[in-house]
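Asks: return a 3D structure for these sequence lines:
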Amino acid sequence: MAARSRRARLEDVHELAMGMPHVTVGHGSRGNPIYQVGGKSFVFFRNPRPDAVDPATGERYPDVIVFWVASESDKQALIQDQASPFFTTPHFDGHPSVLVRGSRIGELTVRELAEVIQDAWLSRASPARAVAWLNAHSGG
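Replies: Residues are numbered from 1 along each chain as shown. This next block holds a predicted model:
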């Protein structure tokens, strides 16, 4: 399982999201991928926006990825550690999602990234699809 413990790469986001069942890919206004299950986004690559900027330069981050989460407590668990690559902005207050810059994705292992993407998918999939996936991956 050395591959699962290696540092994540941007390509892993795409591969892991597409590896979930019933996934379709849409594209945003700049061709950015939007991964969906049942017509609901669970991971998407965001266009640069004024709410996510480099504090030193004021430049908009060009590489923000949005991951849905199941609850506010899940969101807080991911963003509370200042060393974590996950963050949020006031624009996402009350929204069940976290942000991460693509340039920081390597701070996660593939296993950690897979867990975030699986949780994002589970938070947006229909109950029947979520139960089927969980049953198939229960490991027991």
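
Asks: quick one, strands of this structure?
Replies: Using DSSP state E, the strands found in the chain span residues 23-27, 33-37, 40-45, 64-68, 86-87, 97-101.

Asks: how about stretch 49-60: buried residues?
Replies: Ala52 (16 or more other CB atoms under 10 Å). All C-beta atoms are positioned from the backbone trio N, CA, C, and that covers glycine.

Asks: can you give me the end-to-end span of that stretch?
Replies: One end of stretch 49-60 sits 6 Å from the other (CA to CA, to the nearest Å).

Asks: in the sheet, who's paired with the residue nearest the centre of the chain?
Replies: With distances taken as CA atoms, centre = their mean, the residue of the chain nearest its centroid is Phe67 (2.7 Å). Beta-bridge partners for Phe67, by DSSP bridges, are Val43, Val98.

Asks: do Phe86 as well
Replies: In this entry, Phe86 is beta-bridged to Val100, by DSSP bridges.

Asks: now do the contacts for it.
Replies: Contact analysis of Phe86 by CB atoms under 8 Å, 6 or more residues apart in numbering lists Leu78, Ile79, Val98, Leu99, Val100.
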